[in-house]
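S.K.: coordinates only, sequence not included:
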Ligand SMILES: CC(C)(COP(=O)(O)OP(=O)(O)OC[C@H]1O[C@@H](n2cnc3c(N)ncnc32)[C@H](O)[C@@H]1OP(=O)(O)O)[C@@H](O)C(=O)NCCC(=O)NCCS
């Protein structure tokens, strides 16, 4: 039985996660969504202007009305700087399967923040929202994301042919999942 309760705030060791507000647009644009190194692995193109990010966040205030849509900004606790976003939404409500996606501005890579945010959202997804499994996809060439998923306890389920278009063109994608019982025994 799912308990959708929206993206409530979460604290991790070095970060806090909270819903984004329209006023976050400058940081989100400058630190993350204008960054081509980030967007080349995402399903969207880099944002072209701060106003595009502002409009995007205004639309999100509507999407947040659906409590199954869990989209957080990832902020550094000591400075309040917005470093990335993480999104967990139902891929299949009946089967209680969630889909996870995340990104950090490239200035903030390789410091372990991705793993910290994924760990916190897995905990939230299984223990608060009640998912049975959580899945994620990453392009074959996206080694940092591939490693992050494996290190977070996900299992590689298989490859989907030409499932995404990255800066390298159409790419096969790796499909990962973690089940409730696997999470419980981590
Ligand atoms: C995928 C992505 C989120 C990974 O972010 P990240 O924070 O660098 O990932 P991790 O948390 O796994 O960081 C681990 C690295 O940080 C290093 N690190 C440094 N300090 C650390 C610390 N205190 N704790 C843990 N790891 C630390 C680790 O050694 C490791 O380096 P290695 O990969 O060379 O072994 C990031 O590359 C990204 O946003 N990419 C673009 C968007 C994207 O691809 N999203 C996913 C789409 S599927």
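M.R.: Ah, there it is. Please read all numbers here as calculations on a predicted model, not as lab measurements. Numbers count the residues shown, from 1 in each chain.
S.K.: State the paired neighbours of the helix or strand containing residue 176 in the sheet, together with their directions.
M.R.: Taking DSSP states H and E as the definition, residue 176 sits inside strand 169-179. Strand 169-179 has its sheet partners listed here by DSSP bridges as strand 133-139 (antiparallel), strand 155-166 (antiparallel).
S.K.: List the buried residues in the first one.
M.R.: The reference is to strand 133-139. Going by neighbour count (16 or more other C-beta atoms under 10 Å), the buried part of strand 133-139 is 133, 134, 135, 136, 137, 138, 139. In short, each C-beta sits where N, CA and C put it, glycine included.
S.K.: That one and the ligand, any residue contact?
M.R.: Yes. Shown here: strand 133-139 in contact with the ligand (C-beta under 6 Å from any ligand atom) through residue 138.
S.K.: What of the longest one?
M.R.: No. Strand 155-166 lies apart from the ligand when judged by C-beta under 6 Å from any ligand atom; the minimum separation is 8.6 Å.
S.K.: tell me the mean pLDDT for that strand?
M.R.: Mean pLDDT, strand 155-166: 95.
S.K.: Show me what it is in contact with.
M.R.: Residues outside strand 155-166 that contact it (C-beta atoms under 8 Å, 6 or more residues apart in numbering) are 40-41, 43, 135, 137, 139-142, 149-150, 170-178, 182.
S.K.: Quick one: buried ones out of those residues?
M.R.: 41, 135, 137, 139-140, 142, 149, 171, 173-178.
S.K.: farthest-separated two in these?
M.R.: Across the buried ones among the contacts of strand 155-166, no pair lies farther apart than 171 and 178, at 22.6 Å, counting by C-beta to C-beta.
S.K.: which parts of the chain sit against the ligand?
M.R.: Residues of the chain lying near the ligand (C-beta under 6 Å from any ligand atom): 38, 41-42, 102-104, 109-115, 138, 142, 144-145, 147-148.
S.K.: Go through these and flag which are in strands.
M.R.: Using DSSP state E, the subset of those located in strands is 102, 103, 104, 138.
S.K.: State the pair within the residues you listed that is farthest apart.
M.R.: Checking those with C-beta to C-beta, the most distant pair is 104 and 138, at 13.9 Å.
S.K.: Check the gap between the residue lying closest to residue 145 once chain neighbours are set aside and residue 161 for me.
M.R.: Among residues not flanking residue 145 along the chain, residue 138 sits closest, at 4.0 Å (C-beta to C-beta, 6 or more residues apart in numbering). Taking C-beta to C-beta, to the nearest Å as the measure, residue 138 and residue 161 are separated by 15 Å.
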